[in-house]
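Visitor: Have a look; sequence and predicted model below, questions after that.
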Amino acid sequence: MKARVLYVPNESGEWRQRGLRRALQDLEDAGLIEAHRVFSLLWRVRNGGDSSAHRRGLVTAVREFRPTVVLVQHMDGSGITRRDVADMRFGNEFNLIYHEGDAHHPIQKPLPPEARVLGATSDITYVSGRGLLMRNFIRAGAKDVRYAQWCFDTDRFPREAINDSDREFDVVIVANHHRPGLRAMPGLRARKRFVDAAQERWGDRLALYGAGWAGSSARGPLAFDDQVRAVRSAWVSANWDHFPRVWGYHSDRLPISLAAGTVHATTLHPGFEEVFPRAVAAAMILAERPKGLLASIDRLLETTTPQERLTRMRIGQDHAYSSMAQNDQLVGWLNDSGAQIDAMAAKSAWARGGPLRDDL
């Protein structure tokens with residue numbers, strides 16, 4: 001039997017998870033799943049009204065649609081409870097997949113109540129790093145926790161050829177700065193040191209985007225959809241991650257930057273040698289400390305020609321679109337829940353997909 005998928009996305013305001021919405025639509029249009037439906041619970045809650053009424057609406061959607069898979073992403077603020085999940089399951093047989101891309105820490109950034117509920121009641125929970133991030137959910141009662149690296153939305157960021165022209169900047173950094181408090185996020189102070197040193201080192205050859213920064217290179221906040229434009233203005237995109245010691249963790253800025261077409265410089269996390277094939281090393285600059293990352297960026301800029309950098313960029317872009325696309329990752333999740341979707345047939349569906357039909 002083909003899968004019937006109910007998708008409960010992380011959305012608010014005008015923001016839509018276009019990539020997975022389109023992927024599900026294309027899978028249905030190609031006959032690779034029987035049907036799909038989107039119920040944007042978090043959007044409804046944030047848009048106003050009675051949270052409990054919206055959650056009852058989700059229960060009703062499950063009963064009416066009768067999915068075989070329910071995929072839920074990041075429900076912080078939705079108010080979803082164990083009783084809600086029990087009501088969803090009553091009289092219905094489906095696999096519940098919960099994806100939590102955000103990184104959490106038991107003290108600095110504890111799991112929100114909704115994540116604890118969904119982790120404990122899911123059949124499979126996917127998180128963006130091993131070790132600490134998995135233990136958070138195991139302590140919450142999750143029975144099957146798996147690693148799923150951050151991928152990117154190919155619908156929002158379609159592939160663009162990397163041009164041969166010179167770049168306005170040597171380095172671009174896209175990162176927000178949060179003031180350190182008693183519960184400072186892991187890696188926060190190291191990020192501040194990295195950015196301060198980068199501004200001193202590269203000056204007007206650096207473009208620094210994000211909230212909270214000051215200095216001659218700072219250009220203020222950047223809209224999510226403008227990341228590609230910003231990244232493509234430099235030879236190197238750079239960042240220092242939160243949670244630098246977590247196995248396999250990185251933010252979505254890494255796949256977006258590789259897909260945009262720069263050499264990407266970032267924190268060397270444990271496990272990266274397993275996450276990234278050796279061939280992709282040419283497109284990445286990795287270091288365990290900010291000082292080493294700064295020196296390695298300088299070394300690349302000083303010892304490579306523009307043509308050599310372009311070659312590296314194209315290697316990274318190829319990897320991003322072949323191995324870090326959200327829609328391909330979705331097929332893996334659905335197949336983990338028994339959907340039996342042919343991955344190559346899914347790729348053909350992405351290639352011929354039509355206009356997105358928006359629904360909530």
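Guide: Now that the structure is in, tell me what you want to look at.
Visitor: Tell me the span between the first and last residue of stretch 209-227.
Guide: 9 Å (CA to CA, to the nearest Å).
Visitor: Going by neighbour count, list what's buried in it.
Guide: For stretch 209-227, a neighbour-count test (16 or more other CB atoms under 10 Å) marks 209, 210, 213, 217, 218, 222, 227 as buried. C-beta coordinates here come from the backbone N, C-alpha and C atoms, glycine included.
Visitor: just stretch 309-316 next, same as before
Guide: Residues of stretch 309-316 classed as buried: 309, 310, 312, 313, 315, 316 (neighbour count, 16+ other CB under 10 Å).
Visitor: any idea which of the residues you listed is closest to residue 130?
Guide: Each of the buried residues of stretch 309-316 was scored against residue 130 by CB to CB, and residue 316 proved nearest at 23.4 Å.
Visitor: residues touching the closest one, list them.
Guide: Counting by CB atoms under 8 Å, 6 or more residues apart in numbering, residue 316 makes contact with 258, 261, 262, 263, 264, 280, 282, 283, 284.
Visitor: Take stretch 240-253, keep the C-alpha atoms, and write them as CSV.
Guide: The C-alpha trace of stretch 240-253 is given here as CSV (Å, rounded to 0.1, in the frame of the first residue of the first chain):
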residue,chain,number,x,y,z
TRP,A,240,31.6,29.7,13.7
ASP,A,241,29.0,27.2,14.9
HIS,A,242,27.1,26.9,18.1
PHE,A,243,27.5,23.4,19.7
PRO,A,244,31.0,23.0,18.2
ARG,A,245,31.7,19.7,20.0
VAL,A,246,28.5,17.9,18.9
TRP,A,247,29.1,15.0,16.4
GLY,A,248,28.0,15.9,12.9
TYR,A,249,26.2,19.1,13.8
HIS,A,250,26.1,22.1,11.6
SER,A,251,23.5,24.8,10.8
ASP,A,252,21.5,25.1,7.5
ARG,A,253,24.0,27.8,6.5
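Visitor: what does that stretch contact?
Guide: Outside stretch 240-253, the residues that touch it by CB under 8 Å, 6+ apart are 101, 103, 105, 128-133, 147, 149-152, 174-175, 185-188, 190-191, 194-195, 227, 237, 239, 266-267, 269-272, 274-275, 288, 290, 293.
Visitor: ok so, going back, give me the subset of the contacts of residue 316 lying in helices.
Guide: By the criterion of DSSP state H, membership of the contacts of residue 316 in helices covers residue 258.
Visitor: quick one: what helix or strand has the nearest residue to residue 59 once chain neighbours are set aside in it?
Guide: Closest residue to residue 59 apart from its sequence neighbours, by CB to CB, 6 or more residues apart in numbering: residue 87 at 4.6 Å. Residue 87 is part of helix 82-89, with elements assigned from DSSP states H and E.
Visitor: cool, and residue 237?
Guide: Using DSSP H and E, the element containing residue 237 is strand 234-238.
Visitor: Repeat that for residue 6.
Guide: Assigned by DSSP H and E, residue 6 belongs to strand 4-8.
Visitor: need the next SSE after that strand, C-terminal direction.
Guide: Sequence-wise, the next helix or strand downstream of strand 4-8 (DSSP H and E) is helix 18-29.
Visitor: Which positions in the very next helix or strand once past that following helix come out as buried?
Guide: Downstream of helix 18-29, the next assigned helix or strand under DSSP H and E is strand 35-38. Neighbour-count burial for strand 35-38, counted by 16+ other CB under 10 Å, picks out 35, 36, 37, 38.
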